[in-house]
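pasting the sequence and the predicted coordinates here, then a few questions.
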Amino acid sequence: MQRWKDQIDNQLTDLPAERRPGSPVESSSRVIEEAPDLGSPSPPPPPPARWAPDPLGRHEFRYWDGARWTEHVSDGGSQALDFL
């Protein structure tokens, strides 16, 4: 058993310092390799789905579904459809 341990130890000392298990160089390079690529910042998410003032100005409110303005509109509490 000791012979196997000695052989493994010899193989490890033959490795360059940056490749030896537990070496500070290996640890720091591992951190750099695993760091996420931040790239450019992502744009902010769109506003959540909600009734909002009609951006076209044709009605009091128009429904935003979280991705686009819909045909659903409201004036004085009455809902209707106004296709874009």
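Yep, that arrived. Numbers count the residues shown, from 1 in each chain.

what comes up buried for the longest strand seen in the chain?
Longest strand of the chain, by residue count under DSSP state E: strand 69-75. Neighbour-count burial for strand 69-75, counted by 16 or more other Cβ atoms under 10 Å, picks out 72, 73. From N, CA and C alone the C-beta is placed, and that goes for glycine too.

quick check: bridge partners of the nearest residue to residue 80 once chain neighbours are set aside?
Distances taken as Cβ to Cβ, 6 or more residues apart in numbering place residue 73 nearest to residue 80, at 5.5 Å, with adjacent residues excluded. Beta-bridge pairing of residue 73 under DSSP bridges involves residue 62, residue 80.

OK, contacts around residue 73?
Residues in contact with residue 73 (Cβ atoms under 8 Å, 6 or more residues apart in numbering) are 54, 58, 59, 60, 61, 62, 63, 79, 80, 81, 82.

highest neighbour count among those residues?
residue 62 (21 neighbours; other Cβ atoms under 10 Å).

count of residues packed around residue 83?
Per other Cβ under 10 Å, the neighbour tally for residue 83 reads 6.

one step back: tell me the mean pLDDT for the longest strand of the chain?
Averaging pLDDT along strand 69-75 gives 98.

could you dump that strand to PDB, C-alpha only?
Written as PDB, here are the backbone C-alpha positions of strand 69-75 (Å, rounded to 0.1, in the frame of the first residue of the first chain):
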ATOM      1  CA  TRP A  69     -50.200  46.500 -26.500                       C
ATOM      2  CA  THR A  70     -53.400  44.600 -27.100                       C
ATOM      3  CA  GLU A  71     -56.800  45.500 -28.700                       C
ATOM      4  CA  HIS A  72     -58.400  45.600 -25.200                       C
ATOM      5  CA  VAL A  73     -59.300  49.200 -24.200                       C
ATOM      6  CA  SER A  74     -61.300  50.900 -21.500                       C
ATOM      7  CA  ASP A  75     -63.000  54.300 -21.200                       C
END
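
isn't residue 70 right next to residue 63, touching?
Yes: counting by Cβ atoms under 8 Å, residue 63 is a contact partner of residue 70 at 4.7 Å.
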